[in-house]
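Student: here's my sequence, what's the structure:
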Amino acid sequence: MKTILYATDCTSNAASTLKYAYRFSAIMKAELHILHVYNFPPINLSTIQPLESLKKRMHKEQIELVNKYCAEHLKNEFCQKPITFHVVENSSVSDSVLRLSKILSPDLIIIGMKDSHSTRGYFSGNIANLLLDKIEAPLLIVPNHIPYNVLETIVYATDFEEADILSIKKLIEIARPFEALIEIVHVYEMNKHLARENMEKFKNILLKQVSYPEITFRSILSSKIKLGLLSVLNNGKASMLAMLERKHGWSFSNVFHKDLVKDMEASVEIPILAFNKHSTKIKLQNTNVNNSKNKLAY
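Tutor: Purely as a prediction, here's the structure:
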């Protein structure tokens, strides 16, 4: 992992997420880029200063704000690892994230979990949903006020899709520096035999393509997917939940979708790592993973 992009509104409530992004990037040995998006307020017609002059002054003030914010909350850590700042005037945070991600091609994008105290209201609620449809990089949604802890257990929710294979490969890149356990979980609502059979097939295909030793596999019966995942997270004391965003239809082979990512975001107090299925499909084709030999046929 080379580049991490973190978007912040520089509020005190988001300070813990800043620390999380900073320390996470240090462990991953990745460059950290911090994006701050601000709105230029309406101008009083009676002002005598030129608009361009006012905009330049405000932009300079916002840059100083971000520097001061990071120095205040990172304290001594602020000087230990270089940070690149991007201060942008825009009414849309998601649009700014998308534009900058096209330039930087980050390996990971981090945003704070929705918070009513944000200057933009629920900062990540709508932003996460917009980004999930469009970004190429995995999206890490971090709850505010969560202390930074070393990753120990990452739960990955699978539905046995080809796109899961590449997502898990990316997840291993994150888990390896921490030597974290990856627990691959499938929640099923009926047909225990078929669920276990499919999990075994998926396990065999995956283990032929990865060499990471800290991986386990579980199938869980539950009346609802969300309840099954929550039981796994609570009982296993997971450090992170990873999911492949699935938004096309609702069938046995496609029970996860964007609304579940959104629903889980409102129900858990750990970071959620969401992979974009559409971008994963493109990369699957480009890397020839989607071939007859490795095709998952259930």
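Student: which residue ranges of the protein form helices?
Tutor: Assigned by DSSP state H, the helices in the chain fall at 15-28, 51-74, 93-104, 123-134, 162-175, 192-207, 225-236, 258-265, 277-286.
Student: domain ranges for the protein?
Tutor: 3-142, 153-286 (automatic domain parsing).
Student: dump these to TSV, plus mean pLDDT and mean neighbour count.
Tutor: Where C-beta positions appear, they are placed from N, C-alpha and C, glycine not excepted. Shown next, in TSV, are the domains of the chain (pLDDT from 0 to 100; neighbours: other CB atoms under 10 Å):
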stretch	mean pLDDT	mean neighbour count
domain 3-142	85	17
domain 153-286	83	18
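Student: pick out the residue nearest the middle of the protein.
Tutor: Leu140 (1.7 Å; CA atoms, centre = their mean).
Student: residues touching the nearest residue to it once chain neighbours are set aside, list them.
Tutor: Of all residues not flanking Leu140 in the chain, Ile110 sits nearest, at 4.6 Å (CB to CB, 6 or more residues apart in numbering). Contact analysis of Ile110 by CB atoms under 8 Å, 6 or more residues apart in numbering lists Ile4, Leu5, Tyr6, Ala7, Thr17, Tyr20, Ala21, Phe24, Leu139, Leu140, Val142.
Student: now His33
Tutor: Thr3, Ile4, Leu5, Tyr6, Ile83, Thr84, Phe85, His86, Leu100, Leu104, Pro106.
Student: my guess is the third one meets Val97, correct?
Tutor: Yes - Leu5 sits in contact with Val97 when judged by CB atoms under 8 Å, with a separation of 7.2 Å.
Student: mind listing the shared neighbours of these two?
Tutor: Leu35, Ile109.
Student: thinking again about what came up before, wait, which of the contacts of Ile110 is closest to Glu161?
Tutor: Leu139 (18.1 Å; CB to CB).
Student: quick check: bridge partners of the closest residue in space to that closest one that isn't next to it in sequence?
Tutor: Closest residue in space to Leu139, ignoring its immediate chain neighbours: Ala274 at 4.7 Å, by CB to CB, 6+ apart. According to DSSP bridges, the residues that bridge with Ala274 are Leu139, Met243.
Student: tell me the contacts of the residue nearest to the centre of the chain?
Tutor: Per CB under 8 Å, 6+ apart, neighbours of Leu140: Leu108, Ile109, Ile110, Ile111, Pro271, Ile272, Leu273, Ala274.
Student: about what we covered before: I'd say the residue nearest to Leu139 and Val261 touch.
Tutor: Yes - the pair Ala274 / Val261 is scored as a contact, 5.1 Å apart, by CB under 8 Å.
Student: give me the common contacts of the two.
Tutor: Ala128, Leu132, Met243, Glu245.
Student: distance-wise, check the nearest residue to the second one once chain neighbours are set aside relative to Ile135.
Tutor: Read that as Leu132. In this structure, Leu132 finds its nearest non-sequential neighbour in Glu245, 4.8 Å apart by CB to CB, 6+ apart. Between Glu245 and Ile135 the distance is 10 Å, computed by CB to CB, to the nearest Å.
Student: overlap of the contact sets of these two?
Tutor: Joint contacts of Glu245 and Ile135 (CB under 8 Å, 6+ apart) are Asn276.
Student: number of residues surrounding Glu152?
Tutor: 15 (other CB atoms under 10 Å).
Student: OK, contacts around the closest residue to it other than its chain neighbours?
Tutor: In this structure, Glu152 finds its nearest non-sequential neighbour in Ser239, 5.1 Å apart by CB to CB, 6+ apart. Neighbouring residues of Ser239 by CB under 8 Å, 6+ apart: Asn149, Val150, Leu151, Glu152, Thr153, Ile154, Ala180, Ile270, Pro271.
Student: so which of the residues you listed is the closest to Val232?
Tutor: Distances from Val232 to the contacts of Ser239, taken by CB to CB, are shortest for Thr153, at 10.0 Å.
Student: that closest one reaches Leu181, doesn't it?
Tutor: Yes - counting by CB under 8 Å, Thr153 does reach Leu181; the two are 4.8 Å apart.
Student: on that earlier part again, wait, which of the contacts of Leu140 is closest to Val210?
Tutor: Closest to Val210, out of all of the contacts of Leu140 and judged by CB to CB, is Leu273, at 17.0 Å.
Student: from Leu108, how far off is the residue lying closest to that closest one once chain neighbours are set aside?
Tutor: Of all residues not flanking Leu273 in the chain, Ala242 sits nearest, at 4.2 Å (CB to CB, 6+ apart). According to CB to CB, Ala242 and Leu108 sit 12 Å apart.
Student: before we move on, the earlier item: make CSV out of the shared contacts of Ala274 and Val261 and add distance to Tyr38.
Tutor: Formatted as CSV, the shared contacts of Ala274 and Val261 follow (distance: CB to CB, whole Å):
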residue, distance to Tyr38
Ala128, 20
Leu132, 24
Met243, 31
Glu245, 28
